[in-house]
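Trainee: build me a model from this:
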Amino acid sequence: MPRCSTRTEARQAKGWIRWKTEVGPGLNIDEVGLMADLEETACYPLGKRPCEMQAFRIWDVNQKTFYLRNNQLVAGYLQGPNTKLEEKIDVVPIEPHAMFLGIHGGKLCLACVKSGDEIKLGLEPVNITDLNSSKEEDKRFAFIRSDSGPTTSFESAACPGWFLCTALETDQPVGLTNTPQDAVQVTKFYFQQDQ
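Mentor: Numbering: from 1, shown residues only. Down below sits the predicted model:
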């Protein structure tokens, strides 16, 4: 994989990621040095950054955790020996607040699935580290993370306005909703890196 030896070379590398996020009037991240020194960092093709998958625990504000039942992701109260069923969420960051989400070691990915007028959450057998943020067909696997105090919500990048949610009742499928303010669904989660 090619490496960039200078900041100028990194900026000029055609077809490679150029990290330029505005942080103030006329300032960009690559100009103020908030990224690691480019002399030490490899350049990667657009959308194919080195990905470090990390595992996170997720549970809704009502303390329901995620687990798999009949190949469907559900949220419920797991106790005693059933706590082993809890699914960790595998995360590959793709932008500062966007990420791919998966389970089972990143082998099943959460996706926003459109079927006619219906939008729902699906699990697809895709390796999370093979996803590419610059491919339009992979956008359905991307979620935008928004933190509000100790809680986090996840909005579909492919279906703006649709949020990851759980039902108020236990042992119901995890889904997507476009009415996050409704009291019948929970869209706020605790999201903590697994130790």
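Trainee: neighbours around the closest residue to Leu168 other than its chain neighbours, how many?
Mentor: Closest residue in space to Leu168, ignoring its immediate chain neighbours: Val184 at 6.1 Å, by CB to CB, 6 or more residues apart in numbering. C-beta here means a position set from N, CA and C on the backbone, and glycine is covered the same way. Around Val184 there are 10 other residues, counting by other CB atoms under 10 Å.
Trainee: kindly report the same for the one 10 residues further on.
Mentor: Here the neighbour count serves as a burial measure; for Asp194 (other CB under 10 Å) it reads 11.
Trainee: and the contacts of stretch 151-165?
Mentor: With contact meaning CB atoms under 8 Å, 6 or more residues apart in numbering, stretch 151-165 is reached by 61, 98, 101, 110, 112, 114, 119, 121, 139-140, 142-146, 174-178, 180, 185-191.
Trainee: helices of the protein, start to end?
Mentor: 7-12, 29-32 (DSSP state H).
Trainee: average pLDDT for the last one?
Mentor: To tie it back to what came earlier, the one meant is helix 29-32. For helix 29-32, mean pLDDT rounds to 34.
Trainee: and the residue nearest in space to the middle of the chain, how far from Gln72?
Mentor: Residue closest to the average C-alpha location in the chain (CA atoms, centre = their mean): Met99, at 2.8 Å. Met99 sits 22 Å away from Gln72, going by CB to CB, to the nearest Å.
Trainee: one step back: buried members of the contacts of stretch 151-165 into PyMOL, please.
Mentor: Of the contacts of stretch 151-165, the buried ones can be selected in PyMOL as follows, counting by 16 or more other CB atoms under 10 Å:
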select buried, resi 98+101+110+112+119+121+139+140+142+143+144+145+174+175+176+177+180+185+186+187+188+189+191
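Trainee: follow-up on the earlier one: identify the bridge partners of the residue nearest to the centre of the chain.
Mentor: Pro93, Phe143 (DSSP bridges).
Trainee: residues contacting it?
Mentor: Met99 is in contact with 91-93, 142-143, 145, counting by CB under 8 Å, 6+ apart.
Trainee: distance to Thr166 and pLDDT added to these, as TSV?
Mentor: Listed next are these as TSV, based on distance: CB to CB, whole Å; pLDDT from 0 to 100:
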residue	distance to Thr166	pLDDT
Val91	18	97
Val92	23	97
Pro93	23	96
Ala142	20	98
Phe143	15	98
Arg145	16	97
